[in-house]
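>>> pasted the sequence and its predicted model underneath.
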Amino acid sequence: MKKIVKILVGIFVVLLVVLLGAVLTLPLTIAPLVKGAAATFGPKVLGVDVSIGDVKLRPIAGQLTISDIKIGNPKGYSAKDAFAVKTIDINLKTVSLVKGDVIQIKKILIDAPEISYETKDGRSNFDTMLAKAQSAEKSEDEKTAKDSPDKKATKKVIIDEFVLTGSKVSYASSLTFNKPITLPLPPVKINDIGKASGGASMIEALNQVFGSIVGGLRDAITKLATGSTDAIKGVSKAATDALGNVAKGGSEAVGDISKKASDAAGSLGKGASDAAGAAGEAVKDTSKKLKGLFGK
């Protein structure tokens with residue numbers, strides 16, 4: 001009996017050492033894994049390049065910090081990054097990285113990201129990426145359905161809380177004469193991702209997060225299009241009114257847009273000569289569009 005107890009204790013000690021060794025060496029191995037996953041995951045799921053600067057894990061505290069994250073724009077949009085942030089802080093159960101089929105994440109905090117939201121031919125860059133991600137999720141579901149039951153399940157995730165706050169959104173479309181303006185984006189908060197199903201795939205979790213961000217961006221654009229004076233951060237009321245009139249197709253937009261665009265440009269600190277030139281081009285472009293719209 002004593003011999004059996006000694007054997008069991010020995011096995012337990014070995015397993016504990018292996019587990020602790022795996023957790024404590026994660027800081028040395030997790031960075032290349034995360035960077036490699038991002039480089040593969042981005043083009044496959046979002047259709048764009050994704051890069052990561054650095055990854056640091058404090059296993060005892062369960063704190064993972066990912067630095068200098070950049071998500072590129074889909075083909076056909078500007079060369080600017082669609083999403084960039086200095087750091088993403090993740091609080092998790094470290095053991096879940098190496099044990100079990102579900103990674104337990106307590107909180108993901110993304111603070112002060114820079115977002116470039118562009119529309120072209122009635123479709124935004126984020127809508128394009130979301131459509132790609134949804135297509136990837138469908139393909140994954142179909143592949144999972146065909147897989148044999150004895151095939152090892154892929155790692156899933158449960159996220160208790162996701163928070164995106166302090167976003168700086170640069171918005172450009174025909175509504176703004178393709179000139180970027182700053183829009184406020186309310187904080188995005190999502191709870192219990194994957195909890196009901198016992199764990200979501202990485203693509204499912206991404207789609208839920210991405211869908212919420214896109215929803216917030218659409219709400220901000222809707223406020224702009226309806227002429228809300230609170231919709232544009234750092235832009236004068238005159239510019240807001242002018243853009244609102246153009247969005248509604250108001251017949252008075254062409255008559256007064258030159259002065260309002262000039263005032264708006266002046267409030268943004270541009271030189272008088274640059275403002276006049278930009279406003280003149282804006283008038284010509286808007287005039288053509290409105291004439292085409294009304295068939296005149």
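Nice, thanks for sending it over.
>>> how about the helices in the stretch 51-200 of the chain?
125-146 (DSSP state H, counting those that start in this stretch).
>>> and the strands in it?
Along the stretch 51-200 of the chain, the segments classed as strands by DSSP state E, counting those that start in this stretch run 54-58, 63-71, 83-92, 102-111, 114-120, 123-124, 156-165, 168-172, 181-184, 188-193.
>>> in contact with residue 118, which residues?
73, 77, 78, 124, 125, 171, 172, 173 (Cβ atoms under 8 Å, 6 or more residues apart in numbering). All C-beta spots, glycine's among them, are computed from the backbone N, C-alpha and C.
>>> I'd like those residues as TSV, with pLDDT, distance to residue 52 and neighbour count appended.
Compiled in TSV, those are given as follows (pLDDT from 0 to 100; distance: Cβ to Cβ, whole Å; neighbours: other Cβ atoms under 10 Å):
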residue	pLDDT	distance to residue 52	neighbour count
73	95	17	20
77	94	21	21
78	93	22	15
124	93	24	21
125	94	20	25
171	93	26	24
172	91	26	19
173	89	29	20
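>>> got these as CSV, with distance to residue 189 columns?
Converted to CSV, the contacts of residue 118 look like this (distance: Cβ to Cβ, whole Å):
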residue, distance to residue 189
73, 26
77, 27
78, 29
124, 22
125, 23
171, 22
172, 27
173, 27
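>>> residues in contact with residue 92?
Counting by Cβ under 8 Å, 6+ apart, residue 92 touches 62, 64, 103, 104, 105, 106.
>>> do you know how far it is from residue 27?
Here residue 92 is placed at a distance of 14 Å from residue 27 (Cβ to Cβ, to the nearest Å).
>>> if we can go back for a sec, closest one of the contacts of residue 118 to residue 111?
Using Cβ to Cβ, residue 171 comes nearest to residue 111 of these, at 20.2 Å.
>>> the closest one pairs with what?
Beta-bridge pairing of residue 171, defined through DSSP bridges, involves residue 117, residue 181.
>>> thought it was touching residue 222?
No: the pair residue 171 / residue 222 is not scored as a contact, 11.9 Å apart, by Cβ atoms under 8 Å.
>>> thought residue 224 was touching residue 169?
No: using Cβ under 8 Å, residue 224 is not in contact with residue 169; the gap is 10.7 Å.
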